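>>> Here is a sequence with its predicted model. Questions after.
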Amino acid sequence: MIKYLLKKLGYLVIALYIIISATFFLMKAIPGDPFTQEQAVPKEILTALRSYYGLDDPWYVQYGRYLKSVALWDLGPSFKYKGRSVNDIIANGFPVSALLGLEALALSFGMGLFLGTVAALKHNRWQDYLATAIAVLGISVPSFILATLLQYIFALKLDLFPIARWGTFAHTVLPAVALAALPTAFIARLTRSTMLETLQQDYIKTAKAKGLSLYQVILKHALPNSLLPVVAYLAQLTVNIFVGSFVIEKIFGIPGLGQWFVLSITNRDYTVIMGTTVFYSALLLTATFFVDVAYAWLDPRLKNISNEHKK
Amino acid sequence: MTLPKNLSSFLLLPALVLTILSTGCQGNGETTSHQEFARLNLSSEPPSLDPRTAMDQTSAVILKMLFEGLTRLTPEGTPEPALAEKITLSNDGLTYTFHLRDSRWWDGEPVTAYDFQESWASLLDPAFASDFAYKLFLIKNGRAVKEGKLPLTALGVKVLDEKTLEVTLDHPTPYFLELLSTFFYFAAPRHIFKTYPRWAVEAGAHYVGNGPFKLVSWKHHNEIVVEKNPTYWDAEHVRLKGISLSMVEDASTELSLFEKGELDWAGKPLSISLPFDAIERLKKEGKLLTGPRAGVYMYLFNTLKQPFNSVSMRKALAYAIHRQAIIDNIVQTPEIAATSLIPPEIGFPFHSYFADGNLEEARQLFKEALEELHLTAEQLPLISLSYNTSEGHHKIAQAIQQQWFDAFGFRVALNNAEWKVYLDKINSGDYDMARLTWAAEVHDPLTFFEVFQQSHHHSGGWKNPSYDHLIEQSNLTSDPEERKRFLLKAEEILMEEMPFIPIYFNSMSYVKNPRLKGVAMTGLGNIDFRWAYFE
């Protein structure tokens, strides 16, 4: 078991290294640099800036310096936002995105499981069609349209929530809903299909035959067994939703981390591009690692494989 | 659970409390009843609030609130002495002497001539990274100092005594006093920045300025709050209680916030622009406000490439564009059709060098150009028109593409690229025709003329020794009339050679709370809330 985990951990480090390197070289390949601008900046100023930030060193020196900074988790200063460090930017933005993500996650799980279960139980009846319709809408309506629509209805017309910005719980409601739409739809569909399958199983019939109420059958037997694929999806979803969304953060004016993924590229803010990418990858890979661990623990077949390895 | 009904109540609460407190303190309802917070929005986080490292419009707006320069632009757009009480200029137009008034940084330290000297010297220190350091190359030996060829002590800035500063320039610069009102000539507090190099990264005890407002809080990418600075030398004329500046990037959200009464301003020059599709509606509702912006929207020719090595070809394309139609139907705000280089807002003698949409002459020139090039219209190479990715630029390019095709069957391919990729392309000369907007930061035409100097990276390969010579001469003379003559001559040469196509002179559109008055704006895109008040 330990060996299996170590192997997985090894893969994680290799994957991270590949991502860091690929990002570094892709980033250097984009035309323009942090100091490219419209104004006629004298050559000597540009040279001075490039040398100050170490951009005139050979690529392998910059690459080596970068690997070192990631290893020490000291990601350097932003080129664009003078005096601010990338660590600082992540430390400021991530909690905001994560809080919003947590709300969206809770919302999408609650709504998704509920819709999926209802759809499966009322298979081919109007409840099923309604839930499916909601799911299709959630998947196909782009988040910027949904966000604008929510702003229009709930902020401008009904005056229930603030239009945008960040500060109180009320500010988080509309963006969380907009953020939750897609995963809700996804979870609803996933739950519906596995639930339909589960409901055909013999043990459900047994449970019903025992005289358990429908409520007990669903909650004790059907739902837990339908949850496995949803849990598998959880790792990726959590990370994706926690690092924030560029579109939602832009529309609602939220100071989260999501906007930095795009902003840093438009600014060619090299250190921020690398920092946010590494942060995101590390988060994603760690989450995947834990899913692997959970699987090894849950799935007897995997356990046997690892035991065999041990022998 | 109760939620705050909307953002404005949430935002106004501190303002309200403060208003009540101040009314209580002063016991004078008459002067304080109108004191309120103005609520503005910037479309991005200011990249720097250190006047020495800032380089953009957003930072400039806030720095104007937090700092006072030697001069400040009046609402009419002319520089008046601010921190300097008296300014004298030597006869050769090179040496300025500034007599500073008694004033203090908001932590109580006096502002002295040393603050200016040491700020400018630190900016020109070769080891100090600053994009805008070249703006100080006007000062004698500024360039040589930055290049490390001369020591910092050789800089043309002398402190005669605590209150007297003497500045020697490299060449006579009629707009120098106006430049002094821009942030790159502000002084940073020397007693702070020497001890705390990261002083300007956060609001707090180390962030010290001397402007009409003081920095109270700075939540990165979220909100900046400034309040009236009681130690400002002219605090009695500052009428706003304070200003909150939120940072919502999305133009539609910004407008929604404005329409719900949570912002007092939306649009230029504070944020990038109003949403394109709202312009027509705002105009109909009578809410849209506009003003000129001293900038020119143009297409640059790569004169090193065929067929743009032909002057007649360049002129034919310039004359064939019907600018007014583009302004009326696409831009929809009061831009001015440009048939010269210098925007009228600059105050330079305004000439129209050709008629807008002059098809007859354009066709004649086109024919001549083909003869010159020994080509037929079919043999012309496929030309690409480059611009940075944006809905507006794309629509304008499409219209012009059509106009040229209708005029003489001239074909161009449209080619857009992301902003920095695009800049990289034009800076390396990889284009046939490229879009450019050139805007002024002072009321002087020189910045426009400089684009076409041989040494400039946007000159499109165009070279004209007599043009370059005229610009040089204009820099040497201290007689404003003579300078004007040199520059007019230069403009004539330029319009005769046409290395670019002027399309329109910019404007600015915005909406504002009608109660908010006294906001000083100039066509240079700067905006100053020093005199602002609510009615």
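Noted; the coordinates are in hand. Residues are numbered from 1 along each chain as shown, chains lettered A, B, ... in the order given.
>>> Quickly note the distance from A:Val239 to A:Ile134.
Between A:Val239 and A:Ile134 the computed distance is 25 Å (Cβ to Cβ, to the nearest Å). No exception for glycine: its C-beta is placed from N, CA and C like everyone else's.
>>> again, but for A:Leu150
As for A:Leu150, its distance to A:Ile134 is 15 Å (criterion: Cβ to Cβ).
>>> These two - which one has more neighbours?
When A:Leu150 and A:Ile134 are compared for neighbours, A:Leu150 comes out ahead with 20 against 17, by other Cβ atoms under 10 Å in any protein chain shown.
>>> Tell me the spatial nearest neighbour of the more buried one, not counting adjacent residues.
Once flanking residues are discounted, A:Leu150 sits nearest to A:Leu174: 4.8 Å by Cβ to Cβ, 6 or more residues apart in numbering or on different chains.
>>> I'd say that neighbour and A:Tyr152 touch.
No - A:Leu174 is beyond contact range of A:Tyr152, at 10.5 Å (criterion: Cβ atoms under 8 Å).
>>> Those two: who's more crowded?
More neighbours surround A:Leu174 than the other of A:Leu174 and A:Tyr152, with 24 against 14 (other Cβ under 10 Å).
>>> so the more buried one is in which element?
helix A:169-199 (DSSP states H and E).
>>> dump the residue contacts of B:Met508.
Counting by Cβ atoms under 8 Å, 6 or more residues apart in numbering or on different chains, B:Met508 touches B:Gly267, B:Lys268, B:Pro269, B:Thr290, B:Gly291, B:Pro292, B:Arg293, B:Met521, B:Gly523, B:Gly525.
>>> Make sure the fourth one is indeed in a helix.
No - with DSSP: H, G, I helix; E, B strand; the rest coil as the criterion, B:Thr290 is located in strand rather than a helix.
>>> who does it bridge with?
B:Ser509 (DSSP bridges).
>>> The first one now?
Partner residues in beta bridges with B:Gly267, using DSSP bridges, are B:Tyr510.
>>> near chain B, which residues of the stretch 201-311 of chain A show up?
Within the stretch 201-311 of chain A, the positions lying close to chain B (Cβ under 8 Å from any Cβ of the partner chain) are A:Lys250, A:Ile251, A:Phe252, A:Gly253, A:Pro255, A:Gln259, A:Thr266, A:Arg268.
>>> hmm, I was thinking of the stretch 1-150 of chain A
For the stretch 1-150 of chain A, the contact set with chain B under Cβ under 8 Å from any Cβ comprises A:30-33, A:35-38, A:40-42, A:44-45, A:48-49, A:52-53, A:80-84, A:89, A:92-93, A:148.
>>> From those residues, keep the buried residues only.
Listed as buried from the residues of the stretch 1-150 of chain A next to chain B are A:31-33, A:35-38, A:40-41, A:44-45, A:48-49, A:53, A:80-84, A:89, A:92-93, A:148; burial here means 16 or more other Cβ atoms under 10 Å in any protein chain shown.
>>> Can you list phi and psi of the spatially closest residue to B:Gly242 that is not a sequence neighbour for me?
Spatially, and ignoring its direct neighbours in sequence, B:Gly242 is nearest to B:Glu227 (3.8 Å; Cβ to Cβ, 6+ apart). Note on B:Glu227: backbone dihedrals following degrees, to the nearest 10 are phi -130, psi 160.
>>> Also B:Ser459?
Per degrees, to the nearest 10, the backbone of B:Ser459 is at phi -70, psi -10.
>>> Enumerate every residue touching it.
When contacts are counted by Cβ under 8 Å, 6+ apart, B:Ser459 touches B:Val451, B:Phe452, B:Gln453, B:Pro499.
>>> switch to 7 Å and redo it
By Cβ atoms under 7 Å, 6 or more residues apart in numbering or on different chains, the contact list for B:Ser459 reads B:Val451, B:Phe452, B:Gln453.
>>> Could you export those as JSON lines, including secondary structure and distance to B:Lys489?
Output for those, formatted as JSON lines (DSSP: H, G, I helix; E, B strand; the rest coil; distance: Cβ to Cβ, whole Å):
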{"residue": "B:Val451", "secondary structure": "coil", "distance to B:Lys489": "17"}
{"residue": "B:Phe452", "secondary structure": "coil", "distance to B:Lys489": "13"}
{"residue": "B:Gln453", "secondary structure": "coil", "distance to B:Lys489": "14"}
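>>> Of the residues you listed - the most surrounded one?
In terms of neighbours by other Cβ under 10 Å, those top out with B:Phe452 at 25 neighbours.
>>> if I read this right, it contacts B:Glu497, doesn't it?
No - with contacts counted by Cβ atoms under 7 Å, B:Phe452 stays clear of B:Glu497, the gap being 8.9 Å.
>>> what is in contact with these two at once?
Overlap of the contact sets of B:Phe452 and B:Glu497 (by Cβ under 7 Å, 6+ apart) consists of B:Trp462.
>>> All the helices of chain A, residue numbers only.
Taking DSSP state H to define them, one finds helices in chain A at A:2-29, A:43-52, A:59-71, A:86-121, A:126-140, A:143-150, A:169-199, A:202-209, A:214-216, A:223-242, A:246-252, A:258-267, A:270-298, A:300-310.
>>> Please identify the deepest-packed of these.
Among those, helix A:246-252 has the highest mean neighbour count (mean count of other Cβ atoms under 10 Å in any protein chain shown), at a mean of 24.
>>> Can you name every helix or strand that it contacts?
If you count contacts as 3 or more Cβ pairs under 7 Å, 6 or more residues apart in numbering or on different chains; DSSP states H and E, helix A:246-252 packs onto helix A:143-150, helix A:169-199, helix A:258-267.
>>> Just the mean pLDDT for that helix, thanks.
Mean pLDDT, helix A:246-252: 92.
>>> hang on, the earlier thing: lowest average confidence across the helices of chain A, which one?
Here the helices of chain A differ in mean pLDDT, and the lowest is helix A:300-310 at a mean of 52.
>>> Closest residue of the stretch 151-300 of chain B to chain A?
Distances between the stretch 151-300 of chain B and chain A by Cβ to the nearest Cβ are smallest at B:Val248, namely 3.3 Å.
>>> What values do phi and psi take at the closest residue to that residue other than its chain neighbours?
In space, and not counting its chain neighbours, B:Val248 is closest to A:Gly253: 3.3 Å by Cβ to Cβ, 6+ apart. A:Gly253 has phi and psi values of phi 60, psi 50 when expressed as degrees, to the nearest 10.
>>> Could you check how many residues crowd around the closest residue to A:Gln62 other than its chain neighbours?
Closest residue to A:Gln62 apart from its sequence neighbours, by Cβ to Cβ, 6+ apart: A:Gly54 at 6.5 Å. A:Gly54 sits with 13 neighbouring residues when counted by other Cβ under 10 Å.
>>> A:Trp73 now?
Neighbours of A:Trp73 under the rule other Cβ under 10 Å: 13.
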